[in-house]
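[1] let me see the structure of the following:
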Amino acid sequence: MASTDTTTAHDGGSDLAGLEAGLDALETVQQGRKPFRQTLKEKVLPPVTALVLVLVVWQGLVSFKVVDDPSKLPAPADVWHVVRDAWLQGELLGYIWTSVSRGLLGFLFALAIGTPLGLIVARVKFVRAAIGPILSGLQSLPSVAWVPPAVIWLGLNNSMMYAVILLGAVPSIANGLVSGVDQVPPLFLRAGRTLGATGLRGTWHITLPAALPGYVAGLKQGWAFSWRSLMAAEIIASFPDLGVGLGQLLENGRNASDMAMVFEAILLILIVGIAIDLLIFSPLERWVLRSRGLMVKS
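    A predicted model of the protein is given here:
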């Protein structure tokens with residue numbers, strides 16, 4: 001009998017050792033780095049190809065006189081000359097920094113307001129019934145609608161810009177957190193209460209970490225609303241003391257009927273939006289998904 005128990009224990013130990021070895025091997029495969037050529041092929045080549053295709057189509061429309069009026073569609077070279085001149089004159093970074101600094105600061109304000117608001121709406125039934133539909137309605141309201149009242153209330157200054165950003169971004173951040181909290185398994189909350197994680201401690205250690213995927217999605221959407229709200233405010237509420245941001249640059253090009261400047265502003269707005277997403281929100285989203293085993297580390 002003892003021999004049988006020993007054999008069983010030995011087999012169980014062998015099975016456990018095999019399982020551990022298999023998990024170690026699996027982890028090694030997941031954490032292994034892809035070859036540079038494969039990374040280049042999968043992540044760099046597709047967007048570069050798409051960009052080249054857009055430029056070829058754009059140049060073709062100009063070269064074959066499909067759009068033969070430069071005041072409607074300038075050639076890519078004309079837009080490049082405008083961008084280069086702005087760089088050589090030391091103005092390009094100023095345009096970008098004016099808008100990016102406003103956008104990021106306004107987004108941080110929206111984050112500080114939208115996060116506790118989302119938690120309150122998610123956890124207090126009366127508040128959800130009272131404010132939840134209003135948040136959803138505000139999220140669907142175009143940001144440009146807030147510019148005229150913000151100008152009347154606050155005047156032509158940076159406070160007006162931040163107010164428009166807040167009104168555009170806070171509902172998205174709050175609703176994203178509410179959605180994340182709603183998707184937290186009740187078992188997590190019961191386990192947290194059993195371990196003494198109640199009140200603020202339970203919110204910090206249980207609710208927020210479990211709701212992180214939905215919260216991050218809300219942050220990404222909140223940034224998109226912040227950026228669009230800011231561009232709308234800069235286009236409509238132009239004033240010399242506010243400086244020249246990307247939205248103001250776009251409006252200046254329209255007033256001067258300079259389509260090369262208009263395209264310059266559009267491309268810069270697009271590039272900045274993509275850069276912020278790639279540098280901040282995409283890595284954050286990958287980290288959240290990877291920490292939950294939803295993405296293979298590469």
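[2] any weak-confidence spans in the stretch 101-250 of the chain?
    Applying pLDDT under 70 to the stretch 101-250 of the chain flags the ranges 189, 197-200, 202.
[3] at 80 instead, please
    Along the stretch 101-250 of the chain, the model assigns pLDDT under 80 to residues 184-210, 238-241.
[4] which other helices and strands contact the strand or helix carrying W223?
    If you go by DSSP states H and E, W223 is part of helix 212-236. Packing contacts for helix 212-236, counted by 3 or more CB pairs under 8 Å, 6 or more residues apart in numbering; DSSP states H and E, involve helix 92-123, helix 147-154, helix 158-182, helix 246-255, helix 259-276, helix 282-291. Placement of C-beta: from N, CA and C, glycine included.
[5] which of those sits most buried?
    helix 158-182 (a mean of 24; mean count of other CB atoms under 10 Å).
[6] immediately after it, which helix or strand?
    helix 186-194.
[7] other SSEs contacting that next one?
    If contacts are counted by 3+ CB pairs under 8 Å, 6+ apart, helix 186-194 sits against helix 199-202.
[8] which SSE is immediately downstream of the helix it packs on?
    Next along the chain after helix 199-202, taking DSSP H and E as the criterion, comes helix 208-210.
[9] so which bits of that following helix are buried?
    Within helix 208-210, the residues scored as buried using 16 or more other CB atoms under 10 Å are 208, 210.
[10] which residues are contacting that helix?
    Contact with helix 208-210 is made by 119, 180, 184-185, 188, 215, as judged by CB atoms under 8 Å, 6 or more residues apart in numbering.
[11] could I get the helices and strands packed on helix 212-236 as TSV with distance to L219?
    Formatted as TSV, those follow (distance: least, CB to CB, whole Å):
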stretch	distance to L219
helix 92-123	7
helix 147-154	23
helix 158-182	6
helix 246-255	22
helix 259-276	11
helix 282-291	8
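[12] assign a three-state SS to G90, would you?
    Following DSSP: H, G, I helix; E, B strand; the rest coil, we place G90 in the coil state.
[13] and the helix holding W223, how far out from the chain middle?
    Averaged C-alpha coordinates place helix 212-236 at 7 Å from its chain's average position (CA atoms, centre = their mean, to the nearest Å).
[14] from the contacts of helix 208-210, which is closest to F64?
    Closest to F64 out of those is Y215 (49.2 Å), distances taken as CB to CB.
[15] and the helices and strands packed on helix 212-236: which comes nearest R84?
    helix 92-123 (8.8 Å).
[16] my guess is Q59 meets P74, correct?
    No. Counting by CB atoms under 8 Å, Q59 stays clear of P74, with 11.0 Å between them.
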